[in-house]
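> output the structure for:
(one chain, ligands or ions: 1)
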Amino acid sequence: MSTTPRREFLRAAGWGAATMSLSQQVVHAAPNERCVVGVIGPGGMGTVHTRLLASRQDVEVRYVCDVDQSRLEKAGEVVRGASGKAPRQTTDLREILADASVDAVFIATPDHWHAPAAILALDAGKHVYVEKPCSHNIREGRLMADAVKRSGKLLQVGTQSRSTDVVREGIERIRGGEIGEILVAKAWNSQRRGSIGKTQPSDPPNQLDYDQWVGPAPMVPYRSNLLPGVWRWWHNFGCGDIGNDGVHDIDVALWGLGVETHPSKVTCLGGKYFFDDDQEFPDTQYAVFEYPQAKAPANRAKQLIFEQRIWSPYPQEGYDNGAAFYGTAGVLILGHTTGWRLYGPRMKLIAEKTGRVSLPAHHSNFFACLRGEQQQLNADIHVGHRAATIVHLANIANRVGDVLHFDPDRERITNNMAGDALVKRSYRDGHWAVPQGVS
Ligand SMILES: NC(=O)c1ccc[n+]([C@@H]2O[C@H](COP(=O)([O-])OP(=O)(O)OC[C@H]3O[C@@H](n4cnc5c(N)ncnc54)[C@H](O)[C@@H]3O)[C@@H](O)[C@H]2O)c1
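Modelled structure (predicted):
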């Protein structure tokens, strides 16, 4: 899809631009043109995106961008193999953002780059698909929402359960009242992870531009247990497994619970009970979140519970990762990648369904919204920011060891200064990707 007069870029005004109905809003792209995209960070998950995108008839992957030369070349081969056409390769995401022919970017970098890259992309006029958790900290999520509003562009967060039919059906059934009033939901992450060992600083590998990899985060020496993918266990770059696999089920739990605000109270207990290695996040973690009383007619508070054991592959309720919804007239147990069972009074099995999570469906929702064929992104920035905020609040509560009071409107912790300081992060002085307005 190139920038032709056929495309209308009617800027949507006001809050919630990405979720407005099309009658009010914008057609971002002409129906029969191919969407031109760039993939930023084609590593583990980014390669999955690259392969799927390059296989689509309605998409052209014009760029791949990675600061690791070997991954960059591999991504080029993936695109050529799937589409027959080699993409342009770059190590600097700004090259993609400067190209007016690019409609959208897919960001699958480590977490610390999500918000900086997404905000730059939105401000450069690109639509954005960004991996979960959408942010590395609470303030960045708010700045992303501001950038969506400012730009009028679409942003989809990579929680693909939101576009998965089997999950949608389960959630629709309970939101339609099948298990009565739901006041508590629980998400869990139980699986066996490996140790990341203990290392000392060393020279980065030759093929990696480590300075660009660290980007706007404070510079720390390279160590071999940062890569590949292991950065997620370090505070400077990731959010722990609650932000990695946990956030998928947290998002589903929030969806079924029906809360569209942040919690007002949070507590979390956890630690490294199992692994003796460099990981900076808990391997065992329990967090509880209380939502303010809903307005009439329900007029009740609600609760979200999160449990994590990343040393125990034993499932809960039959599912290793999942979400459960406790209602006044039944329970829904939903497995992350497998399906769900719905029980009525006296735990009578009412219905069950199996099915797999669909990443292509999440991509399709994004492109359909760009073309105006669908009206609502399934995981817009508000959805993504609410789920990521749960992750960040749990980690903050665990670090400061307090029951935190959170102001859902101001997005500030009101009873613990050390906790409130962690609502945002520090950045590398003067780096070009530091988001505006972070201080
Ligand atoms: N939706 C899902 O189911 C799912 C599954 C796995 C991972 N993820 C998410 O995908 C993201 C990536 O995770 P991963 O395991 O693939 O990590 P990874 O380390 O394997 O890949 C990240 C890639 O980004 C590159 N990169 C870093 N900085 C860059 C920059 N400035 N410009 C361009 N490229 C840069 C790295 O070199 C690497 O190739 C994470 O946010 C993770 O949470 C999502």
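> which residues of the chain lie near the ligand?
Among all residues of the chain, those adjacent to the ligand (criterion: Cβ under 6 Å from any ligand atom) are 40-41, 43-46, 65-68, 71, 93, 108-111, 113, 131-132, 158, 160, 212-213, 215, 228-229, 244. In this view, the C-beta of every residue, glycine as well, is placed from N, C-alpha and C.
> which of these are buried?
Under a neighbour-count criterion of 16 or more other Cβ atoms under 10 Å, the subset of the residues of the chain next to the ligand counted as buried comprises 40-41, 43, 45-46, 65-68, 71, 93, 108-111, 113, 131-132, 158, 160, 213, 215, 244.
> go ahead and name everything in contact with stretch 350-364.
If you take Cβ atoms under 8 Å, 6 or more residues apart in numbering as the criterion, stretch 350-364 is touched by 48-49, 52-53, 56, 129, 156, 158-167, 169-170, 173, 178, 330, 336-344, 378-379.
> ok, 7 Å please
Stretch 350-364 is contacted by residues 48, 52-53, 160-166, 169-170, 330, 337-344, 378 when judged by Cβ atoms under 7 Å, 6 or more residues apart in numbering.
> CA atoms of it as CSV?
The C-alpha atoms that make up stretch 350-364 are tabulated as CSV, following Å, rounded to 0.1, in the frame of the first residue of the first chain:
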residue,chain,number,x,y,z
ILE,A,350,-22.2,-27.3,31.0
ALA,A,351,-20.0,-26.9,28.0
GLU,A,352,-16.4,-27.4,26.9
LYS,A,353,-14.4,-26.5,23.8
THR,A,354,-10.9,-27.1,22.6
GLY,A,355,-8.9,-24.9,20.1
ARG,A,356,-5.5,-23.3,19.5
VAL,A,357,-4.4,-19.7,19.9
SER,A,358,-4.3,-18.0,16.5
LEU,A,359,-1.6,-15.5,15.7
PRO,A,360,-2.7,-15.1,12.1
ALA,A,361,-6.1,-14.1,13.3
HIS,A,362,-4.6,-11.3,15.4
HIS,A,363,-2.6,-10.1,12.4
SER,A,364,-5.8,-10.2,10.3
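> shouldn't residue 127 be in contact with residue 106?
No: in terms of Cβ atoms under 7 Å, residue 127 does not count as a neighbour of residue 106; the distance is 9.9 Å.
> what about the contacts of stretch 350-364, which are in strands?
Using DSSP state E to define strands, the subset of the contacts of stretch 350-364 located there is 330, 339-343.
> what helix or strand is residue 183 on?
strand 182-190 (DSSP states H and E).
> pull out the buried residues from that strand.
For strand 182-190, burial by neighbour count (16+ other Cβ under 10 Å) applies to 182-183, 185-190.
> could you do stretch 145-163 as well?
Across stretch 145-163, burial judged by 16+ other Cβ under 10 Å covers 145-149, 151-163.
> quick one on the thing from earlier: out of the ones in strands among the contacts of stretch 350-364, flag the one nearest to the ligand.
Relative to the ligand, the closest of the ones in strands among the contacts of stretch 350-364 is residue 339; by Cβ to the nearest ligand atom it sits at 17.2 Å.
> and the pLDDT at the residue nearest to the closest one when sequence neighbours are not counted?
In space, not counting the residues next to it along the chain, residue 339 is nearest to residue 354; the distance is 3.6 Å by Cβ to Cβ, 6 or more residues apart in numbering. The predicted local distance difference test score for residue 354 is 95.
> same question for residue 332.
In this model, residue 332 carries a pLDDT of 98.
> quick one, strands of the stretch 101-250 of the chain?
In the stretch 101-250 of the chain, the segments counted as strands under DSSP state E, counting those that start in this stretch are 104-107, 127-130, 155-157, 182-190.
> show me the chain divided up by domain.
Listed by automatic domain parsing, the domain ranges of the chain are 17-162, 165-196+209-359+387-421.
> could those be laid out in TSV, adding distance to residue 438?
Conversion of the domains of the chain to TSV gives the following (distance: least, Cβ to Cβ, whole Å):
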stretch	distance to residue 438
domain 17-162	6
domain 165-196+209-359+387-421	9
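> any idea which of these scores lowest on pLDDT?
Across the domains of the chain, the lowest-scoring stretch is domain 17-162, with a mean of 92.
> for it, the distance to its chain's centre please.
In terms of Cα atoms, centre = their mean, to the nearest Å, the centre of domain 17-162 is found 13 Å from the chain centre.
> start at 39 instead
Renumbered: residue one is now 39, and that last one reads domain 55-200.
> measure how buried the closest residue to the ligand within the stretch 339-477 of the chain is and give me the count.
Minimum separation of the stretch 339-477 of the chain from the ligand (Cβ to the nearest ligand atom) falls at residue 397, amounting to 7.1 Å. By other Cβ atoms under 10 Å, 16 other residues sit near residue 397.
> which phi and psi does it have?
phi -70, psi -40 (degrees, to the nearest 10).
> do the same with the one 3 residues further on
For residue 400, the backbone dihedrals (degrees, to the nearest 10) come out as phi -70, psi -40.
> quick revisit: for the strand holding residue 221, which strands pair with it and how are they oriented?
Using DSSP bridges, the strands paired with strand 220-228 in its sheet are strand 340-347 (parallel), strand 359-365 (antiparallel).
> before I go, just wanted to say thanks for your time.
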